[in-house]
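> Quick one, what's the 3D model for this:
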Amino acid sequence: MAQPAFPANSLFSTNPPAPNNTPSPAIATTPASSSSNNTFLMTASPVRNRKSTSDGYKPKIITTVGAKPACLVNASVTYVGNDMMYAFGGFDQYTDEVYNHVLKLNLACRQWSLVDNFGDIPGVRMGHTASLWQGDKLLVFGGENEHRQHLSDVIVFDLKTAYWTQPEIHGTPPRGRARHSAVIYDDKLYISGGQTGHDSVLDDICFLDLKTWTWSRSWKFVPRYDHASWIWNGRIWIFGGINDEMEKNNEIWWLDLRGSPGFENAMTYGTGDRQMISSRYSRFPNNASGQPATGSTGYVANSSVQSYPSASSASRSPYAAPGSISSLKFHSSPNLPSQAAGMHFHVFSSGCMLDFVTPAELTCETSLSSLELDTLRWQKLADGKDLYSPNFRWHYCTVNAEGTHAWLLGSSVEPSADGNGVSASEYLSDVLAIDLRKYGILGNELATDSRPKMPSSDANVSSHLTGIGADLSLTFDQPPESGSGADFIITADPDDMDYDASPSTEANPTSNAMAPVSRPIHVHKLILHARWPHFARLWSAQMSEFHSKKMHIPEPYSAVRAFLFYLYTDSIAPHPQNGPNLNDVAGMLVMANIYDMPRLRLLCVHRLGRELDIEHAATIWERASTANEEWLKRRAAAFCLQNWGRVVRTASFKNLNHASLIELCSESDVDSRVVGGEELELLGALNRPFGNFGSTRKRSLGSAGVVAVDEEGEEEGEDDGMDVN
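This is a model prediction of the structure:
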């Protein structure tokens, strides 16, 4: 039977749909070309005389219409693909009701609507999890109902038919819980932590085998609730949340899943040898203030949001986990986001844990930071002022399966009201859409592709590359007489060319035939045609290079060679032999921009952002400016200013042309000054151990550096150091 509708003023509001003013996509321009008798000349990049750069990327707020849901507490919000988002359940703090409504948001037309759903409709709940499964189903587990009964049931919602089913579950279910975490991996639903009965904190982990619908036993892990969990590189990771002492923490825990029969073997009926523990009850706290209830913790985890104070710890599971458990506590780092302030959303993408620190009060310091799981290093990707408006509060966060986009759901804190006198802050009326690729995030597919997945091949066993790329690398830049089959020649500018020379060096080769060129690079036109869309277009047009079998690219030789090697191997990973260094990758970034190759551009931005160092910072800044990569440019500029004394002594800084030198120096604040070594040491002594000068300043590190002081006296700086235990 269809689910009855609730009054519009309690759960959701209705508005007429607004027109969809979606901007037209940008049109990529094709580089111009000119030809001589024997060589085709690709147009040079605007490295030397460029003045204009993009305004930078800033996420936009989408205002929604239709049946906007109330700012429900501990509901679930899940992005399911195709610009669709589903919200389910939650507690309405204004009416003291718990719901089981299903609402969907169409991001294309920006409209909320109530979903008529059928079948085994679940009871009302909050603090549950809703995980996307098989691309078209939501797997709902646990939560607590209006009587504070903690649930352990599993319900499946089919997104195509809007039909609920309750599968027949085998084995002993885990203890009922709410505000836990859930993640699906390898046809298993992993459940960890949460709260149950008298607000006790659970420390167990178990999984539901989705092939046999059988529960595993519970193993002891770490006591947490309102935390985030995800699976990466054969491990399940946990970060954030509240521990059993009711404290926020910045510890990360992980449990190895590989090599353990307990995790890898399929569960069969009757293997869940655990005692059934009954649920217990406690009174749901009521927030009488006019603001959405956030509790004393202010934490957000997965698709559940806001938290409430708790007390006693839970009873421990008697079973030790079959895999090794490790943890790491971060003590200090300028890039470590404070877990004590702001509303935190922790999500996973591309081998990184992303921490969205959103405004919770007017004085909260906000940011977007990432924790690289391979290196366990924090990086600050963006300042909060570049992401969040101070006039909005965000209550939910969801990401797509690819890990390339994130959405924050919330509302304005302005006192504006609709015709019924209802404040806009009472509804989830706004969405902040964030393209994570603009901040150097690859996305899960590219991050997985960049990791070794199979041996090279029998033809090239020792190669660091994988698959056919290892074999093709053997034929790269080998002359035809060696039997390589190379049938095309590409030349470039010598690496030591003076780019401050007169503009005639970039003129038509017919008027500048004596311009120096690099030694030839021997390639195969078939590979270039298949892998380089711009070359394919030129080849189809049968330009002069079609007959001469030669082409000149007016970019540095090392960058051009690295670019061509990428076409052969599909990799820009570093390697002692042919793997490109950071200078080469910076040059490839410019070429990816010229030839409209978004995948290569993303790979370059990701590597340059992660491996930014003293020796290459100036070059990366200059190439990022040329390629209009505003995020990478700002990041490299801040790094240069913070380490100014060392950067100005590098070859990459000395190789900048006059205009670039002036522009890089102008990146500093107008009130900046160079601090000498003695003064900087004095600042360092005053700042230990917290790194703050007084209560509002941050110090630059190094023997000397540029200290940028803003209007409030805060110093802009970044340090990649990390003190961990």
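
> what's across from F345 in the sheet?
F356 (DSSP bridges).

> Just to check, G176 is in contact with H150?
Yes - using Cβ atoms under 8 Å, G176 is in contact with H150, at 3.5 Å. Just so you know, the C-beta spots here come from the backbone N, C-alpha and C atoms, and that holds for glycine as well.

> Of these two, which one has the most company?
H150 (27 against 23; other Cβ atoms under 10 Å).

> got the phi/psi numbers for the more buried one?
phi -90, psi 130 (degrees, to the nearest 10).

> residue contacts, it?
Each residue near H150 by Cβ atoms under 8 Å, 6 or more residues apart in numbering is listed here: 142-144, 175-178, 195-197, 279-280.

> Looking at these, which one is closest to S473?
Closest approach to S473 among these (Cβ to Cβ): G142, at 50.3 Å.

> quick check, the closest one in a strand?
Yes - using DSSP: H, G, I helix; E, B strand; the rest coil, the assignment for G142 is a strand.

> Report the separation between it and R599.
G142 sits 39 Å away from R599, going by Cβ to Cβ, to the nearest Å.

> ok, those two, which is more surrounded?
For G142 versus R599, neighbours defined as other Cβ under 10 Å are more numerous around G142 (25 against 13).

> W532 versus E372, what's the distance?
From E372 to W532 the distance is 31 Å (Cβ to Cβ).

> Those two: which is more packed in?
Of the pair E372 and W532, W532 is the one with more neighbours under other Cβ under 10 Å, namely 19 against 14.

> contacting residues for the more buried one?
Taking Cβ under 8 Å, 6+ apart as the test, what W532 contacts is 567, 595, 597.

> Secondary structure element holding L664?
helix 658-665 (DSSP states H and E).

> and that helix, what does it pack onto?
helix 617-626 (3 or more Cβ pairs under 8 Å, 6 or more residues apart in numbering; DSSP states H and E).

> in the helix it packs on, what's buried?
Under the neighbour-count criterion of 16 or more other Cβ atoms under 10 Å, helix 617-626 has 617-626 buried.

> Which secondary structure state is assigned to F546?
helix.

> For it, which non-adjacent residue is spatially closest?
In space, and not counting its chain neighbours, F546 is closest to W539: 6.1 Å by Cβ to Cβ, 6 or more residues apart in numbering.

> what sits against that neighbour?
525, 528-529, 545-546.

> what about it, distance to K525?
7 Å.

> circling back to that earlier point, which one among the buried residues of helix 617-626 gets closest to T95?
A624 (51.1 Å).

> wait, doesn't that closest one sit right on A618?
No - A624 lies out of contact with A618 (Cβ under 8 Å); the separation is 10.8 Å.

> so what sits against both of the two?
A636.

> just checking, next helix/strand downstream of whatever helix or strand P69 lives in?
Assigned by DSSP H and E, P69 belongs to strand 68-69. The first helix or strand that comes after strand 68-69 along the chain, using DSSP H and E, is strand 76-81.

> quick one: average confidence on that next one?
Here strand 76-81 scores 96 as its mean pLDDT.

> can you check stretch 405-416 too?
The model assigns stretch 405-416 a mean pLDDT of 86.

> just to revisit the earlier point, quick one: residues in contact with the helix holding L664.
For helix 658-665, using Cβ under 8 Å, 6+ apart, the contacting residues are 49, 500, 618, 621-622, 625, 637, 640, 653, 656.

> list the helices and strands the helix or strand that that helix is followed by packs on?
Toward the C-terminal end, the helix or strand that comes next after helix 658-665 (DSSP H and E) is strand 673-675. Judged by 3+ Cβ pairs under 8 Å, 6+ apart, the packing partners of strand 673-675 are strand 705-709.

> The contacts of W532 in helices, which ones?
Among these, the members found in helices (DSSP state H) are L567.

> So which of the contacts of W532 is the closest to G89?
M597 (44.0 Å).

> From what I see, that closest one and P533 are in contact.
Yes - using Cβ under 8 Å, M597 is in contact with P533, at 7.4 Å.

> higher neighbour count, the two?
A count of neighbours by other Cβ under 10 Å puts M597 above the other of M597 and P533, at 22 against 13.

> What does that one show for phi and psi?
phi -120, psi 90.

> which residues sit in contact with it?
532-533, 591.

> Same list, these, but as a markdown table with distance to R519, pLDDT and secondary structure please.
Converted to a markdown table, those look like this (distance: Cβ to Cβ, whole Å; pLDDT from 0 to 100; DSSP: H, G, I helix; E, B strand; the rest coil):
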| residue | distance to R519 | pLDDT | secondary structure |
| --- | --- | --- | --- |
| W532 | 21 | 92 | coil |
| P533 | 27 | 90 | helix |
| M591 | 19 | 94 | helix |
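
> which among those gets closest to V183?
P533 (37.3 Å).

> who are the neighbours in contact with the closest one?
Contacts of P533 (Cβ under 8 Å, 6+ apart): 595-597.

> before we move on, what about E168?
W213.

> and the gap between it and R634?
From E168 over to R634 (counting by Cβ to Cβ), the distance is 55 Å.

> ok so, going back, a markdown table for the contacts of W532, including pLDDT and distance to W133?
Converted to a markdown table, the contacts of W532 look like this (pLDDT from 0 to 100; distance: Cβ to Cβ, whole Å):
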| residue | pLDDT | distance to W133 |
| --- | --- | --- |
| L567 | 91 | 38 |
| Y595 | 92 | 39 |
| M597 | 92 | 34 |
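
> I appreciate the help and will end here.
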